[in-house]
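Participant: starting from these lines, generate the structure:
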Amino acid sequence: MVIKYYSHLLLAGLIAGWLSACTGIGPATNLFRSTSPHDQYGQSLKEAKLDQTALGTDWLAAADRALHDSLKITVPYRESGYFSANKAFAVGYRLDGQRGDRFLIRVETQGQKTTQIFIDVFSLDDRNRMSLTAASKADTNVLTWEPRKNQPYLIRIQPELLRSASYTISITREPALAFPVKGRDSRQISSYFGAARDGGRRRHEGIDIFAPKGTPALASANGVVTGVGTNSLGGNVAFLTDNEREIRLYYAHLDSWHVNNGQRVSVGDTIGFVGNTGNARTTGPHLHFGIYGLTDGATDPLPFVRLGRGPAKQMPLSTARLGDSIRVSAAKSLVRLSPGSESPIVRELPKLSALTILGGTETWLRIETPDGLTGYVLNSTTETPKQPIRRLTLSTPGTLRDAADQQAGIITTLPIGSTVDVLARTDVFQLVRSSTGKTGWLPVTASSAQSINSTAR
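Facilitator: Have a look, this model is predicted:
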């Protein structure tokens with residue numbers, strides 16, 4: 001135990017030293033450049049040859065595994081979880097992102113020491129190839145990110161090595177732009193992008209927001225005003241160029257302007273005032289609001305300005321349950337890819353199957369099976385194994401291990417004649433509690449499965 005303790009201290013010291021020298025977290029000059037703090041951290045492990053240690057290898061492997069064993073979620077979403085200093089950890093979440101969304105990803109931790117959390121976002125193309133899209137800064141556990149394309153994205157969350165903490169991740173979505181009419185929101189939109197115009201000869205290239213004549217039309221982004229003028233369809237119009245997002249915002253049917261060409265404006269500044277000029281002379285006053293890419297045509301403005309969905313409503317799981325061993329209490333429990341009854345089923349578990357709680361909510365538990373499968377199960381189909389399934393006596397010595405694996409760490413050796421309570425099971429292992437209160441895994445063999453005083457229900 002003393003050797004193991006000082007090995008951890010040495011590893012922690014080496015990691016801290018290399019991070020200070022290589023990633024710019026400390027005062028030393030960067031020795032190399034990398035695409036994200038996560039990659040810099042991984043590179044520092046390799047430079048220090050810590051990737052050749054068991055824990056370093058496991059950390060890099062966990063990072064890669066999270067990209068392939070990701071779990072599908074819908075936003076807003078919130079769940080809790082736990083990671084241990086003794087085991088490398090990473091988790092991946094998939095979601096569908098749309099141009100115009102703004103996502104806020106926040107990871108809050110509770111532990112004895114401050115923990116650096118790496119948040120990375122990857123885009124997934126139609127061939128499932130990944131590209132790093134965004135990454136949190138090295139000194140924060142928060143990331144705000146806007147998708148540039150309508151496609152799936154993967155969020156990877158991974159803490160630094162040698163830290164234990166419970167955590168809560170929350171992901172929320174808000175519009176990327178401010179609403180363009182003062183005192184109004186997306187509930188006042190009455191005509192949408194793509195609607196037929198002129199008997200079907202053209203399509204509506206924007207949204208219409210109705211408001212009293214003279215209501216201020218506001219800058220939805222920081223940018224430069226251009227194209228102040230008049231045309232037959234839009235009447236009094238103006239464009240606002242948003243170089244950050246590579247889009248131009250189009251304001252039409254204005255009663256009058258409040259800006260000049262070349263003027264730089266900030267979010268909330270008045271561009272003009274709502275009217276019904278141009279081909280809107282026979283309609284009520286409204287703002288026609290359009291968005292055009294700097295290198296492509298019109299795009300739907302609705303995702304950019306629609307109301308956000310607010311904070312996540314899921315109730316995080318109690319931290320006291322994180323890491324607990326549980327078992328299936330129903331006739332069966334379905335492991336799903338994401339926390340929802342419509343999600344694809346990845347496995348069906350029979351009654352009394354053993355599981356470990358990795359995280360989740362009060363309704364859906366994120367679990368891991370003894371053979372490494374992760375997914376979500378309904379909390380209502382599980383139970384804490386307080387009462388044993390049955391009691392066994394050992395006819396040969398038994399090795400109690402800390403995982404359902406013959407190579408797992410040894411907790412203790414049980415002599416012949418020992419009695420254990422079986423709490424849950426797999427096809428080849430069973431979770432047991434010894435007479436001294438130690439809980440671990442024994443293989444299912446003839447020598448260790450002789451039942452006495454069966455308590456199976």
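
Participant: gap between the nearest residue to His253 once chain neighbours are set aside and Arg202?
Facilitator: Counting by C-beta to C-beta, 6 or more residues apart in numbering, His253 lies nearest to Ala280, which is 4.4 Å off, once chain neighbours are set aside. For glycine as for every other residue, the C-beta is placed from the backbone atoms N, C-alpha and C. Look at Ala280 and Arg202: by C-beta to C-beta, to the nearest Å, they are 15 Å apart.

Participant: neighbour-wise, which of those two wins?
Facilitator: For the pair Ala280 and Arg202, the greater number of neighbours falls to Ala280 (19 against 10), based on other C-beta atoms under 10 Å.

Participant: for that one, give me the pLDDT.
Facilitator: Model confidence at Ala280, expressed as pLDDT, equals 94.

Participant: still on that earlier bit, hang on, isn't the residue nearest to His253 packed against Asn236?
Facilitator: No. Look at Ala280 against Asn236 with C-beta atoms under 8 Å: they stay out of range, at 10.4 Å.

Participant: need the residues touching each of those two.
Facilitator: His253 (C-beta atoms under 8 Å, 6 or more residues apart in numbering).

Participant: where does pLDDT dip in this protein?
Facilitator: For the chain, residues meeting the criterion pLDDT under 70 lie at 1-34, 198, 200, 446-457.

Participant: for the residue nearest to His253, give me phi and psi.
Facilitator: Reported as degrees, to the nearest 10, the phi and psi values for Ala280 are phi -100, psi 10.

Participant: distance of it from Leu50?
Facilitator: Taken as C-beta to C-beta, the span from Ala280 to Leu50 is 66 Å.

Participant: same question, Ala61
Facilitator: 14 Å.

Participant: then Ile105?
Facilitator: Relative to Leu50, and taking C-beta to C-beta, Ile105 is found at 28 Å.

Participant: the two - which one has more neighbours?
Facilitator: More crowded of Ile105 and Leu50, by other C-beta under 10 Å: Ile105, with 23 against 20.

Participant: so what are the sheet partners of the strand or helix carrying the more buried one and their directions?
Facilitator: Assigned by DSSP states H and E, Ile105 belongs to strand 101-110. Using DSSP bridges, the strands paired with strand 101-110 are strand 142-145 (antiparallel), strand 165-175 (antiparallel).

Participant: centre of the chain versus the last one, how much separation?
Facilitator: It stands for strand 165-175. Distance, stretch centre to chain centre, for strand 165-175: 7 Å (C-alpha atoms, centre = their mean, to the nearest Å).

Participant: convert the C-alpha atoms of it to PDB, please.
Facilitator: Taking C-alpha atoms only, strand 165-175 is exported to PDB below (Å, rounded to 0.1, in the frame of the first residue of the first chain):
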ATOM      1  CA  ALA A 165     -15.200  13.400  -7.700                       C
ATOM      2  CA  SER A 166     -18.900  13.200  -8.300                       C
ATOM      3  CA  TYR A 167     -20.100  15.400 -11.200                       C
ATOM      4  CA  THR A 168     -23.200  16.800 -12.800                       C
ATOM      5  CA  ILE A 169     -23.300  17.500 -16.500                       C
ATOM      6  CA  SER A 170     -25.900  19.800 -17.900                       C
ATOM      7  CA  ILE A 171     -26.400  20.700 -21.600                       C
ATOM      8  CA  THR A 172     -28.800  23.400 -22.700                       C
ATOM      9  CA  ARG A 173     -29.700  25.100 -26.000                       C
ATOM     10  CA  GLU A 174     -30.400  28.700 -26.700                       C
ATOM     11  CA  PRO A 175     -30.800  30.700 -29.900                       C
END
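
Participant: right, and the helix or strand after that strand?
Facilitator: Remark: after strand 165-175, the chain's next helix or strand is strand 189-191, criterion DSSP H and E.

Participant: so for that next one, what gets flagged as buried?
Facilitator: Within strand 189-191, the residues that count as buried by 16 or more other C-beta atoms under 10 Å are Ile189.

Participant: next one: stretch 268-281
Facilitator: 269, 271-280.

Participant: how long is it from one end to the other?
Facilitator: 27 Å (C-alpha to C-alpha, to the nearest Å).

Participant: contacting residues around that stretch?
Facilitator: Stretch 268-281 is contacted by residues 178, 180-181, 211-219, 225, 230-238, 240, 251-259, 265, 283-288 when judged by C-beta under 8 Å, 6+ apart.

Participant: end-to-end on stretch 44-59?
Facilitator: Terminal residues of stretch 44-59 lie 12 Å apart, using C-alpha to C-alpha.

Participant: er, stretch 204-219 I mean
Facilitator: End residues of stretch 204-219 are separated by 21 Å (C-alpha to C-alpha).

Participant: gap between it and the chain center?
Facilitator: Distance of stretch 204-219 from its chain centroid, counting by C-alpha atoms, centre = their mean, is 35 Å.

Participant: can you check stretch 413-420 too?
Facilitator: Per C-alpha atoms, centre = their mean, the displacement of stretch 413-420 from the mean C-alpha position of its chain is 44 Å.

Participant: then stretch 248-265?
Facilitator: 38 Å.

Participant: need the CA coordinates for it. PDB is fine.
Facilitator: C-alpha atoms of stretch 248-265 as PDB (Å, rounded to 0.1, in the frame of the first residue of the first chain):
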ATOM      1  CA  ARG A 248     -25.900  38.600 -43.500                       C
ATOM      2  CA  LEU A 249     -29.200  39.500 -41.600                       C
ATOM      3  CA  TYR A 250     -31.900  41.000 -43.800                       C
ATOM      4  CA  TYR A 251     -34.400  43.500 -42.400                       C
ATOM      5  CA  ALA A 252     -37.300  44.400 -44.700                       C
ATOM      6  CA  HIS A 253     -40.600  46.300 -44.700                       C
ATOM      7  CA  LEU A 254     -39.200  48.900 -42.300                       C
ATOM      8  CA  ASP A 255     -41.200  52.100 -41.800                       C
ATOM      9  CA  SER A 256     -37.900  54.000 -41.500                       C
ATOM     10  CA  TRP A 257     -34.200  53.400 -40.800                       C
ATOM     11  CA  HIS A 258     -32.100  54.300 -37.800                       C
ATOM     12  CA  VAL A 259     -28.700  53.400 -39.200                       C
ATOM     13  CA  ASN A 260     -26.400  54.300 -42.100                       C
ATOM     14  CA  ASN A 261     -24.200  52.200 -44.500                       C
ATOM     15  CA  GLY A 262     -20.900  51.300 -42.800                       C
ATOM     16  CA  GLN A 263     -22.200  51.800 -39.300                       C
ATOM     17  CA  ARG A 264     -21.000  49.300 -36.700                       C
ATOM     18  CA  VAL A 265     -23.700  48.100 -34.300                       C
END
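
Participant: thanks a lot, catch you later.
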